[in-house]
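Engineer: I would like the atomic coordinates for the input below:
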Amino acid sequence: MNTAVGARPDAPVPEGADARWVTSDRIGLQLVRLIRLMERKRLSKVGEHGVERAAYVLLARLVIDGPHRSNALAEAVHSDPSTVSRQIAALVRIGYVERRSDPADGRACLLAATAEGHRVFEANRERRNHEISRITSDWDEADRERLVELMDRFTTALENHQPHDVPAHQGVEEDR
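Structural biologist: Residues are numbered from 1 along each chain as shown. Prediction:
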């Protein structure tokens, strides 16, 4: 094993690995670190009714993008329709989401955020943005904008990525 420029000294680099591999490894390590921090810092529930974070993602999508049919919502958040159905039922029960008839097809229904759902979303958005502002308070605005651009580019690439079948190494645990 050799040590590549920019690699952590304690992270072994396979013989023959190029700079692209090393950078990919560094990105992967930072993603693991970010995911772990986010999991540790966030509560598993949102709002006074204790909405699951996964269900909150559905509420956010409905507030930001407007009403959706259930299957379209599941597709938009890359989730299973049965899971979305269960989560939506919980949001309807507490009054954050309502079912409306679809004007394009009276047999179908649209899911829409209620006024209370909008209020909860905006309160959480305000808290999140306040925390991000505090975390990046010593950054200049150009760096904050660049981070947005790079995160958007990476997230879009990840959404569009078709994974290759890579054999798992025996005895190697998942990074997370």
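
Engineer: so for the longest strand anywhere in the chain, mean pLDDT?
Structural biologist: Across the chain, the strand with the greatest residue count (assigned by DSSP state E) is strand 105-113. For strand 105-113, mean pLDDT is 90.

Engineer: next helix or strand past that strand?
Structural biologist: Toward the C-terminus, strand 105-113 is succeeded by helix 115-135 as the next helix or strand (DSSP states H and E).

Engineer: please save the CA atoms from that next one in CSV.
Structural biologist: Output in CSV follows, covering the C-alpha atoms of helix 115-135 (Å, rounded to 0.1, in the frame of the first residue of the first chain):
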residue,chain,number,x,y,z
ALA,A,115,-52.6,25.3,6.9
GLU,A,116,-51.3,23.5,10.1
GLY,A,117,-48.9,21.5,8.0
HIS,A,118,-47.6,24.7,6.4
ARG,A,119,-47.2,26.2,9.8
VAL,A,120,-45.2,23.2,11.2
PHE,A,121,-43.0,23.1,8.1
GLU,A,122,-42.2,26.9,8.3
ALA,A,123,-41.4,26.7,12.0
ASN,A,124,-39.0,23.8,11.3
ARG,A,125,-37.5,25.5,8.3
GLU,A,126,-36.9,28.6,10.4
ARG,A,127,-35.1,26.5,13.1
ARG,A,128,-33.0,24.7,10.5
ASN,A,129,-32.0,27.9,8.7
HIS,A,130,-31.1,29.5,11.9
GLU,A,131,-28.8,26.6,12.8
ILE,A,132,-27.2,26.5,9.4
SER,A,133,-26.6,30.3,9.7
ARG,A,134,-24.9,29.8,13.1
ILE,A,135,-22.8,26.8,11.9
